[in-house]
Structures are given as structure tokens and as C-alpha cells.
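# coords below, sequence missing:
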């Protein structure tokens, strides 16, 4: 079972974590992480979905807006936050290896989503990358690309939350010295249908099939 970093006791990693590529779905106490697009797609097919193919190039800037309406904002730096060649390219650094790199990058969705999945490239070949969000309505949870995809961090990764969430945060993990530049392609997001989750408890009610 994959347990996200935010649910474990803090510890200093002395070496890279073993790859979990042999696993398909990694259930947690609050959300699910999948490394297979087909499995992820089967989970979210009952919901309304949207895709971001990054076909429209966008020059590097502190804040940019994808064609799908997602707003990407870099904080504490000037590079990179851009779209080119059918991919999103971001760079984050928590080890001060590249002073101009963003400290973190935030993606804000036009409306709350229940799930997102994409093809990720180079998410753990340097400093390492983490993805955080309030996937259960209680507190921020963090996923390490290095723990899920291993080195160099290429492959599909999808997250299905138990409650809708409005934003995700990318930050460096501090595995090695230097900034972590990463690319994202073929992004798929899913929205919880109206009436499919209880607004009083903020718990998603999956329809029976």
C-alpha cells in the first residue's frame, strides 16, 4: 500500500526510495494514486471529464492560463512556467540550486475537480517533485513522484480524491541539489457530477454501476 509522505512520520531519506512501478493502484486512507491510464480512466469514466493537450504555446510568465482554464502560478522565482511543444514545462527548487527557479507552482482549476491524471516526464531526476492537495477535505496530502514513479520520474500518474479539490501545488522534494524541471502532457481532469457528493459532509458518493 502506498502511503503519501504527509501521512508518515518525518524522516531523512538517505537514499532514493525503491520504485513502485510494479504496482498499479496504490490505495491510501484518503485517496487513490494510479500509474496506469486505463485503470484511472475506468475509475473516472462515470464523471464528466476534460482534457488539456497543451497544444497552445504560452511563453514563460509568473502566471499563465491553459486553454482548459487552469491557472498556473509560480511563486518565489521567475522560471519556468510555460507551455511549448505540446507539453507544460515547470521548474521548482527548494535547495537554492537555481536561484531564479520557482519555489513552488500552483495550479488552480476553474471549478473543483475530483481527479486528475497525466503523463509526467523528468519528475525525479534531480531535486525531485512532489504534488500536494486537499484530496480528502481534511488537510493537505503530499505525493512523491520519486516514490511512485522512481528515477527519472517518467510515466502516468493519476490521483482520485474522495472530495473535490480546487488546486494542487508542485514543490521540490530535496532529494538532490539543484532545481527540478518537469514536463506534463495529456492531462485529464474529472469533475464530480452535481448531486454525487454530500455537501454537508463533503464526501463523494460514487454511483452504483
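Okay, I see it. Here the structure is a predicted model, which means the values were calculated and not measured. Numbers count the residues shown, from 1 in each chain.
# return the set of buried residues in stretch 37-44.
37, 40, 43, 44 (16 or more other C-beta atoms under 10 Å). (Glycine included, C-beta is placed from N, CA and C.)
# residues in contact with stretch 132-139?
Outside of stretch 132-139, the residues that reach it under the criterion C-beta atoms under 8 Å, 6 or more residues apart in numbering are 6, 30-31, 140-143, 159, 161-163, 165, 167-169, 171, 202-203.
# in PyMOL, select just the buried ones from those.
A single PyMOL command suffices to select whichever of these are buried according to 16+ other C-beta under 10 Å:
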select buried, resi 6+30+31+141+142+143+159+161+162+163+165+167+168+169+171
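# so what's the closest residue to residue 173 other than its chain neighbours up against?
Ranked by C-beta to C-beta, 6 or more residues apart in numbering and with sequence neighbours excluded, the top spatial neighbour of residue 173 is residue 128, at 3.2 Å. For residue 128, the contacting residues are 144, 145, 146, 153, 172, 173, 174, 175, 176, 180, by C-beta under 8 Å, 6+ apart.
# which of those are buried?
Neighbour-count burial (16+ other C-beta under 10 Å) applied to those gives 144, 145, 146, 153, 172, 173, 175, 180.
# quick check: bridge partners of the most centrally placed residue in the chain?
If you average the C-alpha coordinates of the chain and look for the closest C-alpha using C-alpha atoms, centre = their mean, you land on residue 131, 4.4 Å from that point. Here residue 131 sits in beta bridges with residue 143, residue 170, as judged by DSSP bridges.
# would you agree it is in contact with residue 165?
No. Here residue 131 does not reach residue 165: they are 11.4 Å apart, not a contact under C-beta atoms under 8 Å.
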